[in-house]
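In: what's the 3D shape of this:
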Amino acid sequence: AHCATLLLNWHEDHAIVFSRVRSHKTPTIWHGKLIRSLKLLGLLVFIVGDVIVAMNGYGSDISYVAHIFGFISGFVVGFIITRDRFQETWEKILKIVFAVIYVILLFVGVLWNIFGF
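Out: From the prediction side, this is the model:
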C-alpha cells in the first residue's frame, strides 16, 4: 500500500503540514519533495535488501511466487483503498479496473486451490 500511496499522491505532496500537539504552537511545514524522496528511498532499500536475501538462498522453503503475488495484491488493494488527496479522472478509472482485476484474480485463486487445476 505504501507504493500505491506514493504513486497516488506524488504530485500533491508539495508541502506537508504537521499540526502540533499544543494548539498555541504554529504547525511545522516540511518540504514535500524531500519527504517523497526519503519514502521512495526507504522503500527501494527494503525491496532491494529483500531481493538480495532471496537470491542468496536463505530460507529455501519460502514460496517466492506467493510473495510476488502478495506484493501485487497489496499494491492493487492499496491503490483501491488509499485516500487520494486530489482524485483525477484516470485515477478513478484505474481504481475501478484494479477492483475488477482483483476480484477476478481472487476468484480464480480460490477455484485453483479448491479444484487444483
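In: Can you report phi and psi for Thr28?
Out: phi -90, psi 140 (degrees, to the nearest 10).
In: you'd agree it is up against Arg22?
Out: No: the criterion here is Cβ atoms under 8 Å, and Thr28 misses it with Arg22 at 11.9 Å. For the C-beta atoms, the positions are set from N, CA and C on the backbone; glycine is no exception.
In: So those two - more neighbours on which side?
Out: Between Thr28 and Arg22, counted using other Cβ atoms under 10 Å, the more crowded position is Thr28 (10 against 6).
In: List the contacts of that one.
Out: For Thr28, the contact set (Cβ atoms under 8 Å, 6 or more residues apart in numbering) comprises Val17, Phe18, Arg20.
In: Check what pLDDT it gets.
Out: The model reports Thr28 with a pLDDT of 73.
In: Run through the bridge partners of it.
Out: Applying DSSP bridges to Thr28 gives these bridge partners: Phe18.
In: Can you list the buried residues in stretch 95-102?
Out: Lys95, Phe98, Tyr102 (16 or more other Cβ atoms under 10 Å).
In: got a list of contacts for that stretch?
Out: Ser73, Val76, Val77, Phe79, Ile80.
In: out of those residues, which one sits closest to Glu12?
Out: Distance to Glu12, by Cβ to Cβ, is smallest for Phe79 among the contacts of stretch 95-102, at 15.0 Å.
In: Neighbours of that closest one, how many?
Out: 22.
In: Kindly export whichever strand or helix holds it (C-alpha atoms) in CSV.
Out: Taking DSSP states H and E as the definition, Phe79 sits inside helix 64-81. Written as CSV, here are the backbone C-alpha positions of helix 64-81 (Å, rounded to 0.1, in the frame of the first residue of the first chain):
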residue,chain,number,x,y,z
TYR,A,64,8.5,-16.7,-3.9
VAL,A,65,5.5,-16.8,-6.2
ALA,A,66,3.3,-16.2,-3.2
HIS,A,67,5.4,-13.2,-2.1
ILE,A,68,5.4,-11.7,-5.6
PHE,A,69,1.6,-12.0,-5.8
GLY,A,70,1.3,-10.8,-2.3
PHE,A,71,3.1,-7.6,-3.3
ILE,A,72,0.9,-7.2,-6.4
SER,A,73,-2.2,-7.8,-4.3
GLY,A,74,-1.0,-5.3,-1.7
PHE,A,75,-0.4,-2.7,-4.4
VAL,A,76,-3.7,-3.2,-6.0
VAL,A,77,-5.7,-3.2,-2.8
GLY,A,78,-3.7,-0.2,-1.5
PHE,A,79,-4.4,1.6,-4.8
ILE,A,80,-8.1,1.0,-4.3
ILE,A,81,-8.5,1.9,-0.7
